[in-house]
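1. Below are the sequence and a predicted model for it; my questions follow.
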Amino acid sequence: MAATALLAWYDRHHRSLPWRLPPDAIRRGMRPDPYRVWLSEIMLQQTTVGAVKPYFEKFIARWPDVNALAKAATDDVMKAWAGLGYYSRARNLKKCAEMVVARHGGAFPETEGELKKLPGIGDYTAAAIAAIAFGHPAAVVDGNVERVFTRLHAIVEPLPAAKQQIRRVIEALVPTSRPGDFAQATMDLGAIICTPRRPSCLLCPLAEICAARALDAQERFPVKAPKVEKPIRRGAAFVAVRPDGSVLLCRRPENGLLGGMTEVPTSSWNARADGIADVTAAPFSAPWQSCGVINHVFTHFALRLSVYRADVADVPASEGQWWSHPTNLRGEALPTVMKKVIETAIPGSTRNERGMAGI
């Protein structure tokens, strides 16, 4: 009953997304492109649909299939990803494309087990690709889906401990005929109707069988374990500017936080330890001036960076560093935290056409 009602709702109210085939196209025999499904699912991890759309369209225009992406320069992929966050995804994206081409002849494997052998593909992404691209009856469970089914069954066990119970519930409901549409229908229901606050229960196709609604307790679900307060790390960042407006940049190590991304020189902060947070950590002697402090939140910690700027003339770039002219700065692989730093020191320098300092 739940699957039938949900699919009927999806046929009428599905979201139109650039990586998705509508249900009527699938009924006419069209097959979703596994490359688009994979690319969108990697981009959507811990990121909103609104933020992902322009990135997806840019990637597809530049690298229309997995063979093109496999041949791309890693630095170009990182630059195209800059601002989307969680940069290990971009590194794994490139590695995965290369492996699909090298080991599978450019065709994505169809089963969850084989998909999980590819870089960057875990349980959720493998299930999503298998169900949406290949029609396998896989249980696809993201945050929206968890919310729908914890409410539908009033699951009182807190997340993340409740994940296995939720998966068992969904496995029992996945239809063999339209598993991909079922997965996308539950995602859409959570995004459009069964929202975290003020869910639109009167419009929900599952309202009559929803246990949380019967208890008038929709917003109590999903139950979550108490949050652990994030530690605060501190450090300093140094924006050196030449007379032509060029900024001194360098590249972070390939492994670790923001691996392979571009930054200005900073003190040695990381997720576990503070760095020096004052001008004594400057990379060279110059008239450094304080520009203030920026705050940035990572998954496991918050960061406060003291920002310093120096206007310099003839400072040569050391090994691994380069001077980026203002016309090139927006195209550098700068993560959002570094855009904040540079924007604090040089207002307007990293803003895109819409006036935003990054997504």
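-> Right, received. Where do you want to start?

2. Show me where this protein dips below the pLDDT cut-off.
-> Across the chain, the ranges flagged by pLDDT under 70 are 350-359.

3. Which parts of it belong to which domain?
-> Under the assignment automatic domain parsing, the domains of the chain span 2-220, 232-345.

4. quick one: the first one to chain centroid distance?
-> To tie it back to what came earlier, the one meant is domain 2-220. 13 Å (C-alpha atoms, centre = their mean, to the nearest Å).

5. returning to what we had before: would a markdown table of the domains of the chain with mean neighbour count and distance to P226 be doable?
-> Where you see a C-beta, it was placed from the backbone N, CA and C, and this is true even at glycine. Output for the domains of the chain, formatted as a markdown table (neighbours: other C-beta atoms under 10 Å; distance: least, C-beta to C-beta, whole Å):
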| stretch | mean neighbour count | distance to P226 |
| --- | --- | --- |
| domain 2-220 | 18 | 9 |
| domain 232-345 | 17 | 16 |
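
6. Stretch 203-211 spans what distance, first to last residue?
-> Separation of the first and last residues of stretch 203-211 by C-alpha to C-alpha, to the nearest Å is 16 Å.

7. Stretch 61-72 too?
-> 13 Å.

8. which residues are contacting it?
-> 35, 38, 59, 77, 80, 93-94, 97-98, 100-102, 106, 108 (C-beta atoms under 8 Å, 6 or more residues apart in numbering).

9. These: which two are farthest apart?
-> The span of those, defined through C-beta to C-beta, is set by A80 and A102 at 21.8 Å.

10. Please name the residues that touch the closest residue to L17 other than its chain neighbours.
-> Spatially, and ignoring its direct neighbours in sequence, L17 is nearest to V49 (6.9 Å; C-beta to C-beta, 6 or more residues apart in numbering). For V49, the contact set (C-beta under 8 Å, 6+ apart) comprises R15, L17, A191.

11. would you turn the residues you listed into a markdown table with secondary structure and distance to V140?
-> Listed next are these as a markdown table, based on DSSP: H, G, I helix; E, B strand; the rest coil; distance: C-beta to C-beta, whole Å:
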| residue | secondary structure | distance to V140 |
| --- | --- | --- |
| R15 | coil | 15 |
| L17 | coil | 15 |
| A191 | helix | 14 |
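
12. Show me where the stretch 151-300 of the chain has its helices.
-> For the stretch 151-300 of the chain, the helices defined by DSSP state H, counting those that start in this stretch occupy 163-173, 179-188, 211-214.

13. can you list these in JSON lines and add distance to L6?
-> Below are the helices of the stretch 151-300 of the chain laid out as JSON lines (distance: least, C-beta to C-beta, whole Å):
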{"stretch": "helix 163-173", "distance to L6": "9"}
{"stretch": "helix 179-188", "distance to L6": "5"}
{"stretch": "helix 211-214", "distance to L6": "15"}
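
14. out of those, which comes closest to A302?
-> Of all the helices of the stretch 151-300 of the chain, helix 163-173 comes closest under C-beta to C-beta, at 26.0 Å.

15. which helices and strands does the closest one pack with?
-> helix 143-152 (3 or more C-beta pairs under 8 Å, 6 or more residues apart in numbering; DSSP states H and E).

16. Contacts for the helix it packs on, please.
-> Contacts for helix 143-152 (C-beta under 8 Å, 6+ apart): 2, 155, 159, 162-163, 166, 169-170, 183, 186-187, 189-191, 194, 196, 199, 206, 209-213, 218, 221-223.

17. try 6 Å this time
-> Outside helix 143-152, the residues that touch it by C-beta atoms under 6 Å, 6 or more residues apart in numbering are 166, 169, 186-187, 189-191, 194, 206, 210, 212, 218, 221-222.

18. What is the nearest of the residues you listed to D142?
-> Using C-beta to C-beta, the contacts of helix 143-152 come closest to D142 at M187, 6.4 Å.

19. Name the nearest residue to that closest one, sequence neighbours excluded.
-> If the residues on either side of it in the chain are set aside, M187 comes closest to N144, at 5.1 Å by C-beta to C-beta, 6+ apart.

20. how close does the one you found sit to R15?
-> The spacing between N144 and R15, counted by C-beta to C-beta, to the nearest Å, is 11 Å.
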